[in-house]
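**Student:** Whatever this is, show me its structure:
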Amino acid sequence: MCDSALIDAARDFNRFYTNFLGVLSKAYLDTPFTLTDARPL
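**Tutor:** Next comes the predicted model:
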């Protein structure tokens with residue numbers, strides 16, 4: 001498997017499970033922050 005195919009597979013995996021687990025939705029871990037907002041904190 002070439003590097004670009006491996007990267008694409010990893011991105012697909014991450015996007016699927018991020019969506020499946022709902023970590024980008026509002027109220028991440030019962031807080032008023034989304035995951036994107038909470039990361040820099």
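**Student:** need the longest helix for this structure.
**Tutor:** For the chain, the longest helix by residue count, based on DSSP state H, is helix 3-21.
**Student:** Could you check it and say which residues are buried?
**Tutor:** Within helix 3-21, no residue counts as buried by 16 or more other C-beta atoms under 10 Å. In this view, the C-beta of every residue, glycine as well, is placed from N, C-alpha and C.
**Student:** any low-confidence regions in this protein?
**Tutor:** Scanning the chain for pLDDT under 70 picks out 1, 25-28, 41.
**Student:** how about the CA coordinates for the helix or strand following the longest helix of the chain, as PDB?
**Tutor:** Using DSSP states H and E, the helix or strand that follows helix 3-21 towards the C-terminus is helix 35-38. Output of helix 35-38 as PDB, limited to C-alpha atoms (Å, rounded to 0.1, in the frame of the first residue of the first chain):
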ATOM      1  CA  LEU A  35     -14.500  19.300  20.500                       C
ATOM      2  CA  THR A  36     -13.000  22.000  18.200                       C
ATOM      3  CA  ASP A  37     -13.600  24.700  20.900                       C
ATOM      4  CA  ALA A  38     -12.200  22.500  23.700                       C
END
